[in-house]
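Novice: coordinates only, sequence not included:
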């Protein structure tokens, strides 16, 4: 096992622990057949705090990470510092424009354009 110190938005500890366990301990992407090799370019849309970006960059990929929410983006930049990750604070969608994202304290990964 390795130790990974990550920055998280305030109140997001439980969510971050869950994601870290899924990605690094249970290898959820690898077990679903996602293969990332050295020299690949990976696009992480909705990168959140960057855990998938870290996983892919640790395998030797260059990562383009996009995250529109300010708190999650700031954590993404801190978490991916020193890695081959280019982070941008933008949303990716079919049409150009601006939209309001509803976010939830303690669950930055659940931001949505269409709250229930």
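Specialist: Arrived safely. No experiment lies behind these values; they were computed from the predicted model shown. Numbers count the residues shown, from 1 in each chain.
Novice: just the strands in the chain please.
Specialist: Using DSSP state E, the strands of the chain run over 41-45, 62-66, 85-88.
Novice: for the worst-scoring helix or strand of the chain on mean pLDDT, packing partners?
Specialist: Scoring the helices and strands of the chain by mean pLDDT, DSSP states H and E places helix 13-20 at the bottom, with a mean of 88. Contacts defined by 3 or more C-beta pairs under 8 Å, 6 or more residues apart in numbering; DSSP states H and E place helix 13-20 against helix 51-58. (Glycine included, C-beta is placed from N, CA and C.)
Novice: Now do the end-to-end distance for stretch 73-88.
Specialist: From its first residue to its last, stretch 73-88 covers 8 Å (C-alpha to C-alpha, to the nearest Å).
Novice: what comes up buried for the helix ranked longest in the chain?
Specialist: Taking DSSP state H as the assignment, the helix of the chain that covers the most residues is helix 70-80. By neighbour count, with 16 or more other C-beta atoms under 10 Å as the criterion, the buried positions of helix 70-80 are 71, 72, 73, 74, 75, 76, 77, 79, 80.
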